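> This is the structure alone, sequence omitted:
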């Protein structure tokens, strides 16, 4: 679980997501000072964790994306194994 240095923004975001929180880009900016949450989420995904982006419209009609950590589907795991067998990963 500790693939990230504890003083980094990536680690702080990882801990929040791992504890079950769902964060929007605005919440990540306010809490952790993260300006580009998609880059931090990409780093967490590269470390092997399933982070999902769920988009919806807020009450004022603005499209909002929430990031949450979840369990990968069997289909996703199978695709990963297939990529390893083909030498792609």
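Right, received. Where do you want to start? Only a predicted model underlies this, so the values are computations on that prediction, with no experimental measurement involved.
> For residue 61, identify the helix or strand it belongs to.
For residue 61, there is no host helix or strand (DSSP states H and E).
> how far does the lengthiest helix in the chain sit from the chain's center?
Ranked by residue count and defined by DSSP state H, the top helix of the chain is helix 74-85. Computed by Cα atoms, centre = their mean, to the nearest Å, the chain-centroid distance of helix 74-85 equals 19 Å.
> mind showing which ranges of the protein have poor pLDDT?
1-2, 89 (pLDDT under 70).
> In it, what residue spans correspond to strands?
All strands of the chain, identified by DSSP state E, fall at 51-57, 63-69.
> Among these, single out whichever gets nearest to residue 33.
Residue 33 sits nearest to strand 63-69 of all the strands of the chain, at 16.0 Å, using Cβ to Cβ. In short, each C-beta sits where N, CA and C put it, glycine included.
> in that closest one, what counts as buried?
Using 16 or more other Cβ atoms under 10 Å as the test for burial, strand 63-69 gives 67, 69.
> one step back: adding distance to residue 5 as columns, could you present the strands of the chain in a markdown table?
Listed next are the strands of the chain as a markdown table, based on distance: least, Cβ to Cβ, whole Å:
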| stretch | distance to residue 5 |
| --- | --- |
| strand 51-57 | 19 |
| strand 63-69 | 19 |
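> Cool, thanks, signing off.
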